[in-house]
Structures are given as structure tokens and as C-alpha cells.
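J.: pasting a predicted model and its sequence here:
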Protein chains: 2
Amino acid sequence: MSPAISPLRTIYRTPPYLLPESEARVVEILRKSGPYSRTEIADITGYSRAKITSVVNHLIELQVVEETGEGDSHGGRRPRILNFNAGFGVVAGVDMGATSLDGALANFKGQIIERRSVSIDVRDGPDSVLNCVCALVAEMLRNQEIAAEQLCAVGIGVPGPVEFSTGLLIAPPIMPGWEAYPIRNFIRGVFPSAIVIVDNDVNVMVLGELRAGAGIREENFFFVKVGTGIGCGIVVGGKVYRGSTGCAGDIGHICVDRNGVVCHCGNIGCLEAMAAGPAIAQRAVAAALAGGSPILEKILKANNGTLTAKDVGAAGAAGERAANEIIRESGRMIGEVLASLVNFFNPSLILIGGGVSNIGHQFLASIRRNVLHRSLPLSTRHLRIDYSMIGADAGITGAVYLALDHVFAMKRERAG
Amino acid sequence: MSPAISPLRTIYRTPPYLLPESEARVVEILRKSGPYSRTEIADITGYSRAKITSVVNHLIELQVVEETGEGDSHGGRRPRILNFNAGFGVVAGVDMGATSLDGALANFKGQIIERRSVSIDVRDGPDSVLNCVCALVAEMLRNQEIAAEQLCAVGIGVPGPVEFSTGLLIAPPIMPGWEAYPIRNFIRGVFPSAIVIVDNDVNVMVLGELRAGAGIREENFFFVKVGTGIGCGIVVGGKVYRGSTGCAGDIGHICVDRNGVVCHCGNIGCLEAMAAGPAIAQRAVAAALAGGSPILEKILKANNGTLTAKDVGAAGAAGERAANEIIRESGRMIGEVLASLVNFFNPSLILIGGGVSNIGHQFLASIRRNVLHRSLPLSTRHLRIDYSMIGADAGITGAVYLALDHVFAMKRERAG
């Protein structure tokens, strides 16, 4: 950690730290796809050599950017590479689940310096859970001997629909008491030097994939989380897309069977009610009770009459036909919905994540088969469908980048 | 038409005419949402007063922008309003259908000065049809006594999938002989002073709505064309979205009935095969032959055994139940697909256009009902679903703006 404090941080008590247009642009380029040499930055921006020199020199002076000698040498002297100054400050990323809280502290390059998890219950309400969030962050800061004033930003993913502009939850189905609760103010009350950004968990995950996962070079893709529910994070033109009222990607309530089961939303045959974790578990219990699956029957007895999607995966891996049939059926329904979305949206990549994605390869194979079967050849020619590689870390990684993305902003000339 | 020629047009023989970053930005703002006063432009860009003055003065000198006194007065002198110089040059917009060609000549404000239509058959192949396109444009220029060198750009919408970066058609189902045909080169051979931009017809229509229709103030919306086929143009963040390989919006082949009819694409129960014009006509013939609709039966006899979607609309308007049932059924299927897309994409507006949209209000009502029934409340709270108001003109309007959008571009400092 650099002991000096950037002049920016003495001017602005809290982010966003404002930079002139060309400096803000260079910072954004370095943040989103750096590190780069000066020549590469000039190629991307189209700025003249003189302008690049002045912009970069000022950013180095502000300690936002640093120069390293890490570039590959091509015979001559090693080109000097520009990157974020890791020591500018720290940010925290928090991934809030229904029953767990994962937190990380990262430097300004997005590298995680420390991480922790605690069990929570979102149904305990915002005061209790947000106290846990702050305690978790404070503990990590203490452990790293970092002063609280060094914390510039906190990014949080929450399991419910968020109005992004205000950071407020709107009618969250599994978070009673959280509706319109001022999460930002609560956390800023504890960490007054930090800007706080709140987003829906799947949006945060797709951001993690965009910046540090399989989506790094993709313009248009989506991340499908299959767990207790089913949701989708969308990237359009290299940016997270939230829709007109912030609820884009709510694919769990697309109808897959007009004669299906009733969903908690009140409609019939929603994808979530038919193909997510609980539906898989329920079908597995039925198969076990019907005597169709000795392995599932054995697990069912050992687990006091309950089964999880993970159990079905284990039975499937052991070659049990009934289990694999359940996995394939869930994959078929998800694949059919994704096929429609592929025809509409023409993405280059679909990533599958969330708890149920650990169920085995049959699941992915079934999704792939159904997407390819029902989409137009032109849409699938260059389409990849894969499990998320960063998997369970997508949320926490995305939360760190959500925080970093809001530390700098463009200064409008008229205001300056 | 201003007799003077802009210095830009003497530097660059053909568009894009390159402008420095800040000038290009002001031009784009004026083009997309102008006219504006200097103060308004300063508000939008954040540029200082001095910078606005220098940028605007230079654009006026280049004859790209002109100053008028049209602004509303608020007690003081009338503010001077800046807009595109209508007389900078002309552009042509062409909307190519399977059997018709609509062309328009427009000034630089996008105002149509002349328009013409001719009958064609796209199956005659590119040479024959593109000769018609060029003859149509040449005739309009002659009629307006405008020299061919004044034509800066031609925008064309074609009824098939287009790779936008190259302007080439890719496996167009109803355009034999057009695959990868160099449309741009053909037209530039006749009009060497013009840049030629080719796009899919529905993308062009949604652009027309974005610039001069119901989409003017919308960020995220789509335009659904229901005719012989069903396609969808998408706007994300105020820009036409084409997807990763240019085929976004191909919703006609989303499955609506696993036990439905076989589509020309080879799959079963595609929306297009089940709900577009031909399916409506086919159901109407069956209803007429079964004696369920005296009016349709009468039209069927008068028309030598054929019916169109328009006939079904007429019978429905006359109160015939069987006809209205057919209209509602088509609306239901389209509405169900749109409901899924609303959950995924969360648009603020869906516009319905194309030939079948003239079938009557029952059709729109049925689409609306089914979208509202199957989408989440949060997604539909601010959602409007309407017939296109510019209707048949969406294509030609969009083609004009497609041309205008490509006349100016940003000059990169390094190249300048």
C-alpha cells in the first residue's frame, strides 16, 4: 500500500473522483481492459502522442495510474506498461445470498487481498444483515491493517430486484422487510469515505464474468444462474444491461408448460417452478419413492426424507438412469427458453452458473442440445455455451468490479 | 438547396466526412435529437461556453450546421437555434420488399423531398432489382433538378439477414441469387459520390421509429413486423442492436407449439408458421369452407378460393365471430412470445407493424392481454404496446436516417 495519498482524495472526500474527459476515458480503458502501453492507448483512443503524454503524466501524478516495465520485449527495450495503481486505495465487494454473505477486499487492480464468508438469513431484515456486512468489511480492513478511510467503494449484489439508480430493492420476493430500505445510507454511515453501489446478484455475476471471467472479450452475452430460482444477467455492447425499469433478465417466469405446476408468482408452468433446484429435488423424491432409483432412495433415507439437486447429480454420475433423466429434463426446459432468447438476442456466449450447475455434465449437454435444436443456424454458428469457470466466485468478483467502476467519473467542463 | 459546396465535400470525395471529436459529438447530438440552442448543447455535452462557441462556429463555416431564430422566446430575444443545414446535400432511402421498392429523397434534416414506389420481384435477382433501385433514385434526382454529385448517401433496407459490417446478405430465404452479392459496389458504381449502407428491413424500421416515430424518447424498445413472416428490430440504449452475428430479432422461429405445423425452416410450431399472414389466411379458408363464416365464404368465392389476412380483418370488423377468433388466436401466440421477451429484455415500448397489423384492434388487444398476463408486474408497469403510428413509412424513414447516420464520422487525432 502506497503511504502517499492521491491529491484527488484530498479534493473529493468520497468518490466519484472527477477527472477531465480524456483522463476519464484513459482510466476507463485501463480499468476495463488494461494494462496497456502508451502506444496501445493511442491506438484505442485515437489521441495524439502529445495528448497521451500529458494525460498519462497527470494520471501518474494523481497516483491513479502507475508505470511498470512488465511489457514483452520485442528486441528493443521493454515497453513501459501502464496500469491502475493497485495502492490507490481499497474497495470491498459483497455477495449477499439468501443464507450467506461472501465479502472480499481488493486493491485497485481488482486483486483480492482478503476474503471471508459468514452465514446469515436475509429474512432477519436489513438492520441485522447490514450490520453483518459492515462488521465483515471492518474485520477484513483490521486484519489487513488498512485504515477505514482507505476504503473508497463498496459494491454489493443482493438476491432481489434492484432499482439501480437509487440502489433500492423493489418488491423482493425472498427478502421481507427490505423493500426500499436505504442500504447505501446504512453502509455509508459506517464507512463515510466510501461510495456504495447496490445491484441485483445476477447482474453482479455477469459483471464478474465480463471483467475477469469467460466474458472478457465478449460484447453480447448472458449469464444464467440456476439455483433455487433461475435468473439471467445480460451484457450488451460490453456493458451490463438492466432494462427500462431494472428487471431485465427475469427469465425464471417465462412459461415452459401451459399445463405445468403453479409457480410462487401465481402463473402456471414458469421455468423456475419447472426446472430449478427445488423442482429437480421434488422429481428425485418422487423417483426414489417410486422405486425407480436405488441410489436416490438410499440418500433419501439417510437425509430424513429430503433430497437436493446435488444428490441427483451424484446419482446421475453413478450412472443411475432415473437421475440422469431428471437432469436432462431440466436441461431441456432451460435449453428451450434459451433457444428463444438466442433467436431474439443473438449472443456470442451463454454462461451457466449457480448451485445447480454443479449437477454434472449431462445438464450442460442437455441445455446445449436443446438450444442448437431450436435456434437458427446463423445464431448458433459462433455461439459458445459453457459452465462459468469462475463459478462461485463470479458474485464476489463482480461486486469488486461494481465498486471499482464507480470510483472515477468524468468531470463536466462547465462544472470545473 | 444552398448553392455553395461545403469545404468538407471538397476534401472528402465520399462520406464519411471526418470531424474532430467534439465537433462529431455535437453533430451526432443535433442529428439524433436536435434542434438545440447553444445552452442546451452545453448542458448535454458538459463542454465549456468557449468550446461550444468554437465548435459551433466551425460547423457553421463547414455548412454542416445552420442557425435559425426559431426558438421560443421567454421574454428576452428569441434564442438562436442550431440545426443541421438541410441544404448540405441529399440522401436517398430505399425500402426493398419482396414485391415492391419504395424510395425517398431527403434533405439533411431528414425531411423527405420526393418519394416513389415501383413493383419488383426480388426473385429476379440482384442485377435486375438494383438497376431498378438506381433508376428510381436517378429519376427522383432528375425530377428535383439535383445533380447526382449532391447525393451523399444511400440507405437500403432489404428483406433478409444482413452482415452489417460488409452489407452482404447471408442465406436470405426469400432472395435467391442475393447471397453475398456486393450491393454497395453496384450502387456506388452508379452514384460514386455516395456512401451506401445496407441493413435488414426490420432493423431499418426500428431505426425509423427511433428517429421519427414513437421511439423518439425511448432507450430500449422493439418493433415487431407481422406480415408474411415475423421479425423484430431491437433498440438498446438508443441504438439499433444487431447481435453478435447480425441476426438478433429473428423471433419468427421461436417455438410456440411443439405439436404445431412444420415451418419452412424445418422446425415445428415456429411463431411465423403459426401466427403470421399465411397462417391467418389458411385458418380463414378452413373456417369459410367449414361454413363457420358467411362473410369469409363470400370473399373466398369472389377471390377464386383465396383469402388474405386483410379479408379476415374485414370479416372481423363486420362482427364475424370466427374471424375474430382467428385474429385473437394469432395475437395470443405473438403475445406469449413477447411476454417471454419482456421478462428477458424489460423494454419500455413494443411497436407492432407490418401488413398484418392492419387487421384490426382485436389483434393488438389480444397481444396486449397475453403480454400482461404472462409478464411480471415490474416489467409491464411502464410498458406501452402499440401499433406503429408511422406504419408503412417506418421502412423508408429508417432508410433515410440509416443514410444520414453514416455521412459524418469522428476523425482520429493520430490520423489527422
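T.: Ah, there it is. Numbers count the residues shown, from 1 in each chain, chains lettered A, B, ... in the order given.
J.: correct me, but residue A:21 touches residue A:410?
T.: Yes: contact criterion CB atoms under 8 Å: residue A:21 and residue A:410 qualify, at 5.6 Å. No exception for glycine: its C-beta is placed from N, CA and C like everyone else's.
J.: can you pull the residues that touch both of those two?
T.: Common contacts of residue A:21 and residue A:410 (CB atoms under 8 Å, 6 or more residues apart in numbering or on different chains): residue B:46.
J.: would you mind listing the buried residues in stretch A:316-330?
T.: A:316-317, A:320, A:322-330 (16 or more other CB atoms under 10 Å in any protein chain shown).
J.: same check, this time on stretch A:403-416
T.: Neighbour-count burial for stretch A:403-416 [16+ other CB under 10 Å]: A:403-413.
J.: which one of the residues you listed is nearest chain B?
T.: Checking these against chain B with CB to the nearest CB, the nearest one is residue A:412 at 3.1 Å.
J.: and the closest one, what is it in contact with?
T.: Counted by CB under 8 Å, 6+ apart, residue A:412 has contacts residue B:46.
J.: is it in a helix, a strand, or coil?
T.: coil (DSSP: H, G, I helix; E, B strand; the rest coil).
J.: look at it and report its pLDDT.
T.: pLDDT, residue A:412: 79.
J.: next one: residue A:140
T.: Per-residue pLDDT puts residue A:140 at 98.
J.: how many neighbours does it have?
T.: If you count neighbours by other CB atoms under 10 Å in any protein chain shown, residue A:140 ends up with 20.
J.: surely it is in a helix?
T.: Yes: counting by three-state DSSP, residue A:140 is part of a helix.
J.: does it touch residue A:105 like I think?
T.: Yes: at 4.5 Å, residue A:140 counts as touching residue A:105 under the criterion of CB under 8 Å.
J.: between those two, which contacts overlap?
T.: Common contacts of residue A:140 and residue A:105 (CB under 8 Å, 6+ apart): A:92, A:114-115.
J.: can you go through these and name the buried ones?
T.: Buried among the shared contacts of residue A:140 and residue A:105 (16+ other CB under 10 Å): A:92, A:114-115.
J.: which ones among those residues are found in helices?
T.: The members of these all map outside helices under DSSP state H.
J.: and which of those is nearest to chain B?
T.: Checking these one by one against chain B (CB to the nearest CB), the nearest turns out to be residue A:92, at 28.6 Å.
J.: any low-confidence regions in chain A?
T.: Counting by pLDDT under 70, the ranges of chain A that qualify are A:1-4, A:70-78, A:414-416.
J.: domains in it, by residue range?
T.: Listed by automatic domain parsing, the domain ranges of chain A are A:7-87, A:89-208+A:396-404, A:216-388.
J.: residue B:298 is nearest to which of these?
T.: domain A:216-388 (35.7 Å; CB to CB).
J.: chain center to the closest one, what's the gap?
T.: How far domain A:216-388 lies from its chain's middle: 18 Å, per CA atoms, centre = their mean, to the nearest Å.
J.: quick check: residue A:110 vs chain B, distance?
T.: Distance, residue A:110 to chain B, using CB to the nearest CB, to the nearest Å: 25 Å.
J.: what sits against the residue lying closest to residue A:61 once chain neighbours are set aside?
T.: With CB to CB, 6 or more residues apart in numbering or on different chains as the criterion, residue A:61 has its nearest non-adjacent residue at 7.7 Å, and that residue is residue A:7. For residue A:7, the contacting residues are A:61-63, by CB under 8 Å, 6+ apart.
J.: just the buried ones from those?
T.: A:62-63.
J.: restricted to helices, list the contacts of residue A:7.
T.: If you go by DSSP H, the contacts of residue A:7 have residue A:61 in helices.
J.: export the contacts of residue A:7 as TSV, with columns for distance to residue A:127.
T.: Listed next are the contacts of residue A:7 as TSV, based on distance: CB to CB, whole Å:
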residue	distance to residue A:127
A:61	43
A:62	38
A:63	37
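J.: identify, from the contacts of residue A:7, the entry nearest to chain B.
T.: residue A:62 (20.1 Å).
J.: would you confirm that the closest one contacts residue A:5?
T.: No: Residue A:62 lies out of contact with residue A:5 (CB under 8 Å); the separation is 10.8 Å.
J.: who's in contact with whichever strand or helix holds residue A:188?
T.: Assessed by DSSP states H and E, residue A:188 sits inside helix A:183-190. With CB under 8 Å, 6+ apart as the test, helix A:183-190 has contacts from A:14, A:126-127, A:130, A:133-134, A:138, A:154, A:156, A:158, A:167-169, A:194-196, A:198.
J.: again, 7 Å this time
T.: Contacting residues not belonging to helix A:183-190 are listed as A:126, A:130, A:133-134, A:154, A:156, A:167, A:194, A:196, A:198 [CB atoms under 7 Å, 6 or more residues apart in numbering or on different chains].
J.: so which of the residues you listed belong to strands?
T.: A:154, A:156, A:196, A:198 (DSSP state E).
J.: out of these, grab the one that's most surrounded.
T.: Ranking the ones in strands among the contacts of helix A:183-190 using other CB under 10 Å puts residue A:154 first, with 29 neighbours.
J.: mind checking how far that residue is from residue A:8?
T.: Distance of residue A:154 to residue A:8, given as CB to CB, to the nearest Å: 19 Å.
J.: which strand or helix spans residue A:40?
T.: Assigned by DSSP H and E, residue A:40 belongs to helix A:38-45.
J.: let me redo that: residue A:244
T.: Short version: residue A:244 belongs to no helix or strand, going by DSSP H and E.
J.: how near is it to residue A:390?
T.: Between residue A:244 and residue A:390 the computed distance is 29 Å (CB to CB).
J.: next one: residue A:59
T.: Residue A:59 is 29 Å from residue A:390, by CB to CB.
J.: okay, these two: which has more neighbours?
T.: A count of neighbours by other CB under 10 Å puts residue A:59 above the other of residue A:59 and residue A:390, at 23 against 19.
J.: does that one touch residue A:65 like I think?
T.: Yes: with contact taken as CB atoms under 7 Å, residue A:59 and residue A:65 are classed as touching, separated by 4.0 Å.
J.: now do the SS call for residue A:66.
T.: Residue A:66 ends up strand, using three-state DSSP.
J.: hmm, back to that, state the pair within the buried residues of stretch A:316-330 that is farthest apart.
T.: Pairwise distances across the buried residues of stretch A:316-330 (CB to CB) peak at 16.9 Å, for the pair A:317 and A:329.
J.: for whichever residue of the stretch 1-150 of chain A sits closest to chain B, which non-adjacent residue is spatially closest?
T.: Residue of the stretch 1-150 of chain A nearest chain B, by CB to the nearest CB: residue A:46 (3.0 Å). Nearest in space to residue A:46, with sequence neighbours left out and distances taken as CB to CB, 6+ apart, is residue B:412 at 3.0 Å.
J.: just the strands in the stretch 1-150 of chain A please.
T.: Along the stretch 1-150 of chain A, the segments classed as strands by DSSP state E, counting those that start in this stretch run A:17-19, A:36-37, A:65-68, A:81-84, A:90-96, A:100-106, A:112-119.
J.: so what strands line up beside the longest one?
T.: Within its sheet, strand A:112-119 is paired with strand A:100-106 (antiparallel), according to DSSP bridges.
J.: for the partner strand, list every residue counted as buried.
T.: A:101-106.
J.: got CSV for those residues, with distance to residue A:42 too?
T.: CSV is the format used below for the buried residues of strand A:100-106 (distance: CB to CB, whole Å):
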residue, distance to residue A:42
A:101, 43
A:102, 39
A:103, 39
A:104, 34
A:105, 34
A:106, 29
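J.: how about the residues of the stretch 51-200 of chain A by chain B?
T.: A:51, A:161, A:170-171 (CB under 7 Å from any CB of the partner chain).
J.: give me whichever of the strands of the stretch 1-150 of chain A is most buried.
T.: Between the strands of the stretch 1-150 of chain A, strand A:90-96 has the highest mean count of neighbours, a mean of 29, where neighbours are mean count of other CB atoms under 10 Å in any protein chain shown.
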